[in-house]
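J.: this one's structure only:
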């Protein structure tokens, strides 16, 4: 008979075996009744022993829910799954389990929903899972270490001026269509290096991308971008799209944090991107209002701040002392004997502003919670600056100590130079009426802006960032026409890679800017700058000659 | 204020007053009688619940109807409800009073569903075993539901004890559906 076909007697055999093991056992459970249901929530009568955030099941409808409201004579439950199936009078049972996700390494490369169920059609997630509760207390002070190790985003403007450290929470904020998601995907793509051996890019960083209330098409696009750039192997995408029940959109960031914590607490580095928390806030507002909690500012419930603060507190750099780390507070049983020190969870939450209004309720909340923000602006985006980072409005409050020394050396004055340029920019219209030093500052600023421009999906390694910023800061680009800066950069880095590989490697390994490196940069930059500067002069001469001819 | 809070307060007040006056037993009896009458006598329910009947009319009906049949306290209590505009909740309040007294005396209601009528000795055995398990006195309410096929389902408060053939068949159904063809079975077949 052909391979793989199944004989009826085999099936019978299996069924018989299953029957043989089957023991009749009376079920014992606690049950309640649905008083009312609708819009993703249900009010239950009974279940007086239910715990907060316990899972409740509706056996007839095959729907699960999570307890959110415990009142004197009823229990408010948010429903995951087919929201419309549950109706008045249905039976609800306690499960005794706290809402949680099962996490393991096989999730990497997969797209899952906030309860850990695969969404990408690649079959079930194999392997034993560590079950972690969605809501978990953040590690206390004793179990933390200061943020000191850099998390390279591969984006020049960020790594040089708004450095992010492992364990930091850096907000990405901006209007729609300003490239917020691109910052996240680029950062995830740049972590690919950390998983390759012999690149000295630090310990591997495992990434989680949480999509809340986004179009499924957008999420598919992100997945494809990551796949094409080979970054999906170290990434989990948690998707609670706009079409999924509101309760799932509310818990999605917590599920993402759980997966990040799994890596963090087993001594590894993780990066969790929450895209975006404004949509989660809206989902939570909806649930709260339906549960009749009193509305506050902008109709958000009173605990909306706590919603985000407790989520982002879970970002941490864990102490490297194993003994102390093992005693971490709030450790779930499943992790008890797997804990290792030195792990980290870096959070990159996203907030979408409306018409650049950062003083709205949710943006101010999250700005105050995080350790800094990367502020993206529509005007800059439209002016062709990518990433459209507003340097003046962006800060990193802890990342400075996580920046490599070489970068600190070259990028120290970058921020000031740029902000001076922005100030003078208004006068640029007056052209030659300006004094030479102002002219010079404008000239330099233009070139700095140009070198910080960067295409999507093309992260730059930190040593090359140092090299190009060095050239710009030290005036080697001043004579290169702005339009040629991109070509200059390409040629300059190419030549460094070819002729001075050792210097680049040294910066990567020692993280210091040595004299040898400076010499190499000076030499190559001067060489190439000459070529471009000459070109320009020639062109000018040509123009003059033409003018002379016509006259 | 939720209805439950209101009923609980009135019921507790009635209990405390009855206890202080030493007429607890008599009041228990009155309440049981009243609940039974409300259950079987719809016009009486309407007297309490209708907003059309004026308060003083309701008041005199209560006095004349119950005046010499029940304890003075019971009448006073019902008149208090009428005066406080809570007479529409009478039934719920009386129910709550019974629940309160049941709690104090350690009586629990057991809703038992069976597939077919129970023989008398099975019934007493069931009550006895339930009393042993809960440590409380059981007030049995029997329901029949042929869908259970066999066995029984006991519900005491929130707790459900399901030993019906229906749910066991359901469990078996789930289990057979989840049973996978193991590697071995496929290899053997090849």
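T.: Alright, I've got the coordinates. From a predicted model like this one, the values you see are computed outputs, not experimental measurements.
J.: alpha carbons only for contacts and neighbour counts from here, please
T.: OK.
J.: Isn't residue A:342 up against residue A:316?
T.: No: assessed by Cα atoms under 8 Å, residue A:342 is found out of contact with residue A:316, at 10.0 Å.
J.: Comparing these two, which residue is more hemmed in?
T.: residue A:316 (29 against 21; other Cα atoms under 10 Å in any protein chain shown).
J.: Tell me which residues touch that one, please.
T.: A:139, A:144-145, A:166-168, A:344-346 (Cα atoms under 8 Å, 6 or more residues apart in numbering or on different chains).
J.: do residue A:163 as well
T.: A:150-152, A:396, A:399-400, A:402-403.
J.: related to what we said a few turns ago, and the two most separated of the contacts of residue A:316?
T.: Using Cα to Cα, the two most remote members of the contacts of residue A:316 are A:139 and A:166, lying 15.3 Å apart.
J.: Counting neighbours, what do you get for residue A:506?
T.: Applying other Cα under 10 Å, I find that residue A:506 has 16 neighbouring residues.
J.: so what's it up against?
T.: residue A:512.
J.: Ok, residue A:238 next?
T.: A:111-114, A:208-211, A:252, A:255-256.
J.: Reformat the residues you listed as CSV; add secondary structure, distance to chain B and pLDDT.
T.: Converted to CSV, the contacts of residue A:238 look like this (DSSP: H, G, I helix; E, B strand; the rest coil; distance: Cα to the nearest Cα, whole Å; pLDDT from 0 to 100):
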residue, secondary structure, distance to chain B, pLDDT
A:111, strand, 24, 97
A:112, strand, 22, 97
A:113, coil, 22, 95
A:114, coil, 23, 96
A:208, strand, 31, 98
A:209, strand, 32, 98
A:210, strand, 31, 98
A:211, strand, 31, 98
A:252, helix, 28, 97
A:255, helix, 27, 97
A:256, helix, 29, 97
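J.: Out of the residues you listed, the closest to residue A:481 would be?
T.: Once Cα to Cα is applied, the member of the contacts of residue A:238 that ends up nearest residue A:481 is residue A:209, at 39.7 Å.
J.: Tell me how far the closest one lies from residue A:228.
T.: 16 Å (Cα to Cα, to the nearest Å).
J.: what does the stretch 51-200 of chain A have sitting close to chain B?
T.: residue A:73 (Cα under 8 Å from any Cα of the partner chain).
J.: what sits opposite the residue nearest the centre of chain A in the beta ladder?
T.: For chain A, residue A:273 is the residue whose C-alpha lies nearest the centre (Cα atoms, centre = their mean; 2.3 Å). Following DSSP bridges, residue A:273 is listed with bridge partners residue A:209, residue A:348.
J.: I'd guessed it sits against residue A:212; true?
T.: No: using Cα under 8 Å as the test, residue A:273 is too far from residue A:212 to be in contact (10.6 Å).
J.: Tell me how many other residues crowd residue A:499.
T.: Neighbour tally, residue A:499, other Cα under 10 Å: 12.
J.: how far is stretch A:216-234 from where the chain is centred?
T.: 14 Å (Cα atoms, centre = their mean, to the nearest Å).
J.: buried set for that stretch?
T.: A:216, A:219, A:222-223, A:225-226, A:229, A:231-234 (16 or more other Cα atoms under 10 Å in any protein chain shown).
J.: Nearest to chain B among those residues?
T.: Closest to chain B out of these is residue A:233 (28.3 Å), distances taken as Cα to the nearest Cα.
J.: Find me the pLDDT at the most centrally placed residue in chain B, would you?
T.: For chain B, the residue nearest the mean C-alpha position is residue B:109 (6.2 Å; Cα atoms, centre = their mean). With respect to pLDDT, residue B:109 scores 90.
J.: Could you pick out the longest helix of chain B?
T.: In chain B, with assignment by DSSP state H, the single longest helix is helix B:3-21.
J.: Give the buried residues for it.
T.: Quick answer for helix B:3-21 (16+ other Cα under 10 Å): B:7-8, B:10-12, B:14-15, B:18.
J.: I'd like the distance between residue A:155 and residue B:114.
T.: For residue A:155, the distance to residue B:114 - Cα to Cα - is 70 Å.
J.: And residue A:199, by the same measure?
T.: 71 Å.
J.: Please say which of those two ends up with more neighbours.
T.: Set side by side, residue A:199 and residue B:114 show more neighbours around residue B:114, with 22 against 12, by other Cα under 10 Å.
J.: So residue A:65 belongs to a strand, correct?
T.: Yes: according to DSSP: H, G, I helix; E, B strand; the rest coil, residue A:65 belongs to a strand.
J.: Which residues does it form beta bridges with?
T.: residue A:56, residue A:79.
J.: Residue A:139 and residue A:166: who's more crowded?
T.: Comparing residue A:139 with residue A:166 by other Cα under 10 Å, the one with more neighbours is residue A:166, at 26 against 19.
J.: Could you measure from the more buried one over to residue A:78?
T.: From residue A:166 to residue A:78 the distance is 34 Å (Cα to Cα).
J.: same thing with residue A:38?
T.: Distance from residue A:38 to residue A:78, by Cα to Cα: 10 Å.
J.: Between those two, which is the more surrounded one?
T.: The neighbour comparison of residue A:38 against residue A:78 (other Cα under 10 Å) goes to residue A:78, with 30 against 16.
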